[in-house]
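give me coordinates for this.
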Amino acid sequence: MVIRNPGLLSVNPKSAEAVDNLTMQLSYVVQYTRPIGNAGPALLLALVCVPGIESALGLERGALLSSLFQ
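Next up is the predicted model:
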């Protein structure tokens, strides 16, 4: 887990006792988002939110992205 997320080395030992399965799963998220840089997780979140934004604005499928890139 430390290889995937070296930031765990700075965790308080008392906090480390409360590790559960979710912590292990989150270490995989850190491993795969680290190579895309600091803006990568924000970009992924924005892409996941596109269907919700289209629904809220009443746009058809793909209309939001196509209007941004024209």
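
run through the residues that contact G40.
Going by CB atoms under 8 Å, 6 or more residues apart in numbering, G40 touches T33. Every C-beta, even on glycine, is put in place using the N, C-alpha and C of the backbone.

how near is it to L47?
From G40 over to L47 the distance is 11 Å, taken as CB to CB, to the nearest Å.

cool, S55 as well?
In terms of CB to CB, S55 sits 15 Å off from L47.

looking at the chain, which helix is longest?
With DSSP state H applied, the helix covering the greatest number of residues in the chain is identified as helix 40-57.

which parts of that one are buried?
Within helix 40-57, the residues that qualify as buried by neighbour count (16 or more other CB atoms under 10 Å) are E54.

so for whatever helix or strand comes next after that helix, what gets flagged as buried?
The C-terminal neighbour of helix 40-57 among helices and strands, as given by DSSP states H and E, is helix 63-68. Within helix 63-68, not a single residue qualifies as buried, counting by 16+ other CB under 10 Å.

apart from its neighbours in sequence, what residue is nearest the residue nearest to the spatial centre of the chain?
When CA atoms, centre = their mean is applied to the chain, the residue found nearest the centroid is P41 (4.1 Å). Nearest in space to P41, with sequence neighbours left out and distances taken as CB to CB, 6 or more residues apart in numbering, is T33 at 5.0 Å.

who touches L59 in this structure?
L59 makes contact with S67, according to CB under 8 Å, 6+ apart.

and if you look at Y32?
Residues in contact with Y32 (CB under 8 Å, 6+ apart): none are found.

can you check V48 too?
Neighbour list for V48: empty [criterion: CB under 8 Å, 6+ apart].

look at it and report its pLDDT.
V48 is assigned 87 on the pLDDT scale.

from the chain's centroid, how far away is whichever strand or helix holds M24?
Using DSSP H and E, M24 sits within helix 21-33. Offset of helix 21-33 from its chain centre (CA atoms, centre = their mean, to the nearest Å): 10 Å.

for that helix, what is the average pLDDT?
In this model, helix 21-33 carries a mean pLDDT of 78.
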